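Colleague: got a predicted model here, sequence first, then my questions.
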Amino acid sequence: MMKTLAAALSACLLCGPGAAAPLCDDMGFAGLLAKCNRGETIQLTLASGQPLGEDVTLQSGAYYKLEITADGSAELAIEGKDFFRAIWMNEIVINKIEIRPMAIDSIEFDKAGTVELSFIAIKPGRHVLQIPGTTGETQRITISIQ
């Protein structure tokens, strides 16, 4: 884990002046997971026929939480392998159970519930999270990492 965090920090520092960097300068012992390096929580709602959420812009090297809440109105999933490959996942929390995955492609809800994914944004670009099999603009969001 420490090698992964060191690589992520090195990648941010090698970008050069004016490039994306962590949100604070003095992160201390916690490194990239420091409280001062945390962006706002991203909240998405999975509900039949309802908008997924709004597009967001993240800072490369910063720590975020993605909270996905399903209302149970339908069996719904969210997918975005490009996004999930552009971040370093710290953990996924489901029903107070912490999971530390290497990678995921999607998350599916069979009934109402909430999942919280904490991560560090790494790879700059535009990444889409969407409900599989849908084509509507409101059924996806774009997450831009700068």
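Modeller: Perfect, thanks for sending it. In this text, all values refer to a predicted model and were calculated from it rather than measured experimentally.
Colleague: measure the residue most central in space within the chain to Asp26 for me?
Modeller: The residue lying closest to the centre of the chain (Cα atoms, centre = their mean) is Leu66, at 5.1 Å. Using Cβ to Cβ, to the nearest Å, one gets 26 Å for the distance from Leu66 to Asp26. All C-beta atoms are positioned from the backbone trio N, CA, C, and that covers glycine.
Colleague: now Leu129
Modeller: 32 Å.
Colleague: who has more neighbours, those two?
Modeller: Neighbours per residue (other Cβ atoms under 10 Å) separate Leu129 from Asp26, with Leu129 holding more: 24 against 6.
Colleague: helix or strand next in line after the helix or strand where that one lies, which one?
Modeller: Take DSSP states H and E as the rule and Leu129 turns out to sit in strand 125-130. Note on strand 125-130: by DSSP H and E, the next helix or strand toward the C-terminus is strand 140-145.
Colleague: who's in contact with that next one?
Modeller: Applying Cβ atoms under 8 Å, 6 or more residues apart in numbering, the external contacts of strand 140-145 come out as 20, 42, 44, 52-60, 80, 83, 86-87, 121-131, 134.
Colleague: what of stretch 68-80?
Modeller: Contact with stretch 68-80 is made by 43-50, 52, 105-117, 127-132, 143, as judged by Cβ under 8 Å, 6+ apart.
Colleague: repeat that for 7 Å
Modeller: Identification of contacts with stretch 68-80 by Cβ atoms under 7 Å, 6 or more residues apart in numbering yields 44-48, 105-115, 127-132.
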